[in-house]
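**Q** Predicted model follows, preceded by the sequence.
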Amino acid sequence: MSSIIYSTIASSKLHSFNISSSSSPISSHFFTIPLSLQGCIRHPPFPPNSSRFLPSFFPITFSMFSTPFILSFSLLLSLPILFFILAPTLQPHPLPPISLPDELDDLRLFHRATTPSSASSHLSSSSSPKIAFLFLTNTDLHFIPLWNRFFRTAKTSLYNIYVHDDPTVNITHPKDTVFHDHFIPNAKRTFRASATLISATRRLLATAILDDPANAYFAVLSQYCIPLHSFNYIYRSLFTSKNFDLTSNSDPNSSDLTQYGVRVKYKSFVEIISKEPRLWKRYVARGRFVMMPEVPFEEFRVGSQFFVLTRKHALLVVKDRTLWRKFKLPCYRADECYPEEHYFPTLLSMQDPNGVTRFTLTRVNWTGTVAGHPHMYKPKEVSANLIYELRKSNYSSSYLFARKFSPDCLRPLMDIADSVIFRD
């Protein structure tokens, strides 16, 4: 019976082991004992002449190996084996890969967006350069009244709006707002911490590129984002300000920084971080060598998925096929996989490191993060002082957007919209 128990519990090799004692009424017995226990018997963890312990443990008899102590000890030794067997079922299941029809549909869109006629720069257009506001959402847009007021004073010739909403969710398409008729028709389902968020962002970029050659900057936002300044302030900061980017080495008094009212030497505002504690775990989330050779670990980056791209970089993202083949692969560890936070910083850092600022214009509070989510501001936290604090930046004159605000923050935000948020 004892042999059966040991054979069932221990997955290591079993070996017949002779245990005998002159003081035992039975001179010799053969037992099937796990190898992990034989070392303890041949080399006990106390001096061989220590008589203080010997009466308690020796002589070794059959009754000793049938005691609950030995059974419990064997069960304890088997725990690592059981964990190894059960670990795959305990880990989060990877999200499903992007379907082939969705992939082919996107490729057709991206091909159209990157043809020479569609890819023309805003500088070749007779109209003023525009900001394309790209909203990525899987719920209703919570702050429509605030955004309505934001765009109220803006010239319609200076901006465009595009919304990617999850078609599997019943999302309201509000009429009589600035968002009416701005939901893109080719939106697809998205999952958090998956490559579907990369696809959705690329879809928005491609749609905006195709829609208007005057779109010069592309700002990616979510339903939890709010503006921190008026439209006019944001437009001037991106296109005409000579000192908005505090990290720029250019001479602010240089006359070649502006042309036709537009900065010639302007960059994309993308957060790019090369040192982060969990970077290695995220890199190997698909497998240790899966990202090689296209993306060596030394080139792997992380940053916010909310950024402001130039048209040049928007086209670069839409054209990419090489890195996308790696980042679209599902992860074995879903809790370590946030491809939307790695794809864009890694691609732009590898392709045009000098063309990006390496910081974002969207303020996020990571204090007290829960399950990978940043702090969500509640109504009682909304105040003029909060807006002033959120604007502060070490890299630019000011942050332009902020997240993450709960939907019920709308009323207190509207109360300070004209007197604080949109007051330059």
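**A** All right, it came through fine. Numbering: from 1, shown residues only.

**Q** Contacts only, for Phe307.
**A** Neighbouring residues of Phe307 by Cβ atoms under 8 Å, 6 or more residues apart in numbering: 219-220, 268-271, 344, 360-362. The C-beta positions use only the backbone N, C-alpha and C, and glycine is treated the same way.

**Q** List the backbone torsions phi and psi for it.
**A** With angles defined as degrees, to the nearest 10, Phe307 sits at phi -150, psi 180.

**Q** That one and Arg325: what is the separation?
**A** Separation of Phe307 from Arg325 (Cβ to Cβ, to the nearest Å) stands at 22 Å.

**Q** Over to His342?
**A** In terms of Cβ to Cβ, His342 sits 14 Å off from Arg325.

**Q** what about the stretch 101-250 of the chain, any weak spots by pLDDT?
**A** Counting by pLDDT under 70, the stretch 101-250 of the chain has low-confidence residues at 118-126, 249-250.

**Q** how about the helices in it?
**A** In the stretch 101-250 of the chain, the segments counted as helices under DSSP state H, counting those that start in this stretch are 144-152, 196-211, 231-239.

**Q** Buried residues in the strand or helix carrying Ala314, which are they?
**A** For Ala314, the element it lies in under DSSP states H and E is helix 311-319. The neighbour-count check on helix 311-319 (16 or more other Cβ atoms under 10 Å) flags 311, 313-319 as buried.

**Q** For it, name the packing helices and strands.
**A** helix 100-113, helix 196-211, strand 215-222, helix 343-351 (3 or more Cβ pairs under 8 Å, 6 or more residues apart in numbering; DSSP states H and E).

**Q** could you give the angle of the longest one to helix 343-351?
**A** Using axes from the mean of the first three to the mean of the last three Cα atoms, to 10 degrees, the inter-axis angle of helix 196-211 relative to helix 343-351 is 70 degrees.

**Q** Of all the residues in helix 196-211, which ones are buried?
**A** 196-210.

**Q** for those, which one is nearest Tyr233?
**A** Distances from the buried residues of helix 196-211 to Tyr233 were compared by Cβ to Cβ; the smallest belongs to Ala208, at 21.8 Å.

**Q** The residue lying closest to the closest one once chain neighbours are set aside and Arg358, how far apart?
**A** Leaving aside its chain neighbours, Ala208 sits nearest to Ala132 (4.1 Å; criterion: Cβ to Cβ, 6 or more residues apart in numbering). If you measure Ala132 against Arg358 using Cβ to Cβ, the figure is 22 Å.

**Q** which of the buried residues of helix 196-211 lies closest to Pro145?
**A** Closest approach to Pro145 among the buried residues of helix 196-211 (Cβ to Cβ): Leu204, at 22.8 Å.

**Q** burial measure for the closest residue in space to the closest one that isn't next to it in sequence, as a count.
**A** Nearest non-adjacent residue to Leu204, counting by Cβ to Cβ, 6+ apart: Leu134, 4.2 Å away. Neighbour count for Leu134, taken as other Cβ atoms under 10 Å: 28.

**Q** hang on, Leu134 packs against Ala208?
**A** Yes: Leu134 lies in contact with Ala208 (Cβ atoms under 8 Å); the separation is 6.4 Å.

**Q** overlap in contacts of those two?
**A** Counting by Cβ under 8 Å, 6+ apart, the residues touching both Leu134 and Ala208 are 162, 218.
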